[in-house]
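J.: let me see the structure of the following:
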Amino acid sequence: MRVVSDATVGTVLGRLEGSPRVVVSGNFATPWQSLKILDGSVASYRLFALNAQAGIPDRDGVTLESPFVGPGMRRSQRLRYLPCRLSLVPSLLSSALVPDVVLVQTSVPERGTVSLGTEVNILPAAIEAARSRGGLVMAQLNRSVPYSYGDAVLATDEIDLAMEADAPLASPTPRDLSDVHRLIGERVGSLVPDGATLQVGIGAVPDAVLGALRDRHDLRVWSEMFSDGVLALAASGALDQESVVTASFAFGSSELYEWIDRNPRVRMLRTEKTNDPSLIARQRAMTSVNGAIHSGFGGQTDFVVGALHSPGGSAIIALPSWHPKADVSTVVPRLAGPVTSFQHSFFVSEQGTATIWGNDAATQAAQIISDVAHPAAREELREAGRALGFGLG
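T.: Numbers count the residues shown, from 1 in each chain. Model (predicted):
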């Protein structure tokens, strides 16, 4: 690894030919300074990121690519959406979408290594794919990036160039949990036994679920990601003291980042491991809890399959029955956007719980309408269900 100036980084990137594919750390770990230099040095390129946040370059000459669309790419006319399970994205990067450049944000060097910190995810696979084809791997060294263990640790000789750019890690805007969210959290919490292994997705509902589990015992975490809710579980004593929190990326408050730093109870693994359904299925009473978001497949499908194969496991979809801003029912007869469609164990809203697993399609539809949907939408949903052949009374 050679540490160079910003100007040298711009010169090196400016020599790239054609329209190179650039994989960049996503979520809340984007190396903004090096990305800015890239955008000012390269006229045309393809930018691949997961859950890209606002501020990602979006101009003529830039093609955006993602299998999980974040706010920085959503509704862009330059987006190429790539339907793909998260567990298979590394295979995508080693075959059809080989990167020419990988830009990552890391900790500062320590004993010949750096750490990817809060964002491991697909990055080790991207680095390997780039290096195998003679591509460029560049790190933005940041003293604010926590040194996490597991697959986050990289030898400095795996990195070609590095630049120094200290900046606080970004945090998501704190969510105010409503009474609806808390009620959903309590309903889901009643389905989670002591000793369960948790995967919890992104959003206010998953946050509320974790808040409802602080009185549990011996919980474990094997998840695609985690945030401050897991920190609260650790503080309350709800986590199994003999196990480690295993995930692929994390984002949250500065307190969370400090907790991750050099914490032996946190292990950050590459996506191929955390999202492998066969490894997920080996976890004790694997319980997958997700909201109904439509940004792409993400890792939900991996965890639903794994959880349903885990002894005592379950897969839960939790959502409010009504969208207050749009003033519409969240339960609809048909979906028009990207669909993450699998057979789950339960659907939960503030209205109640529908048991999906083990019931036929007509019974599932009837339970979703009567126990999950908002009362104002139920009759319209029954009419639509009858039109679809469910024979609802």
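
J.: low-confidence stretches in the chain?
T.: For the chain, residues meeting the criterion pLDDT under 70 lie at 293-297, 336-342, 393.

J.: and the helices in it?
T.: 6-14, 32-41, 89-94, 123-132, 179-189, 204-211, 228-236, 254-260, 271-274, 277-281, 300-309, 361-367, 378-387 (DSSP state H).

J.: residue 291 is nearest to which of these?
T.: Judged by C-beta to C-beta, the one of those that comes nearest to residue 291 is helix 204-211, at 4.8 Å. (Each C-beta comes from the backbone N, C-alpha and C, glycine too.)

J.: which elements pack onto the closest one?
T.: Where contact means 3 or more C-beta pairs under 8 Å, 6 or more residues apart in numbering; DSSP states H and E, helix 204-211 is packed against helix 179-189, strand 197-200, helix 228-236, strand 286-290, strand 314-318.

J.: switch to 7 Å and redo it
T.: Contacts defined by 3 or more C-beta pairs under 7 Å, 6 or more residues apart in numbering; DSSP states H and E place helix 204-211 against helix 179-189, strand 197-200, helix 228-236.

J.: can you lay out the helices of the chain as a markdown table showing mean neighbour count and distance to residue 22?
T.: Below are the helices of the chain laid out as a markdown table (neighbours: other C-beta atoms under 10 Å; distance: least, C-beta to C-beta, whole Å):
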| stretch | mean neighbour count | distance to residue 22 |
| --- | --- | --- |
| helix 6-14 | 16 | 9 |
| helix 32-41 | 20 | 6 |
| helix 89-94 | 20 | 12 |
| helix 123-132 | 22 | 10 |
| helix 179-189 | 20 | 37 |
| helix 204-211 | 24 | 31 |
| helix 228-236 | 19 | 31 |
| helix 254-260 | 18 | 25 |
| helix 271-274 | 23 | 19 |
| helix 277-281 | 18 | 30 |
| helix 300-309 | 24 | 26 |
| helix 361-367 | 17 | 44 |
| helix 378-387 | 15 | 45 |
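
J.: let me have those in JSON lines, extended by distance to residue 54.
T.: Output for those, formatted as JSON lines (distance: least, C-beta to C-beta, whole Å):
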{"stretch": "helix 6-14", "distance to residue 54": "23"}
{"stretch": "helix 32-41", "distance to residue 54": "11"}
{"stretch": "helix 89-94", "distance to residue 54": "22"}
{"stretch": "helix 123-132", "distance to residue 54": "21"}
{"stretch": "helix 179-189", "distance to residue 54": "24"}
{"stretch": "helix 204-211", "distance to residue 54": "19"}
{"stretch": "helix 228-236", "distance to residue 54": "21"}
{"stretch": "helix 254-260", "distance to residue 54": "20"}
{"stretch": "helix 271-274", "distance to residue 54": "24"}
{"stretch": "helix 277-281", "distance to residue 54": "31"}
{"stretch": "helix 300-309", "distance to residue 54": "23"}
{"stretch": "helix 361-367", "distance to residue 54": "38"}
{"stretch": "helix 378-387", "distance to residue 54": "35"}
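
J.: for those helices, which one sits closest to residue 157?
T.: So among the helices of the chain, helix 123-132 is nearest, using C-beta to C-beta, at 10.5 Å.

J.: quick one: contacts of that closest one?
T.: Applying C-beta atoms under 7 Å, 6 or more residues apart in numbering, the set of residues contacting helix 123-132 from outside is 23, 25, 90, 93-94, 98-102, 104, 116, 136-137, 151, 158, 270, 272.

J.: and for stretch 370-380?
T.: 321, 322, 329, 331, 347, 349, 351, 352, 353, 354, 369, 381.

J.: hmm, 10 Å instead?
T.: 317-323, 328-333, 346-355, 367-369, 381-382, 384, 392 (C-beta atoms under 10 Å, 6 or more residues apart in numbering).

J.: start and end of it, how far apart?
T.: Stretch 370-380 has its terminal residues 12 Å apart, counting by C-alpha to C-alpha, to the nearest Å.
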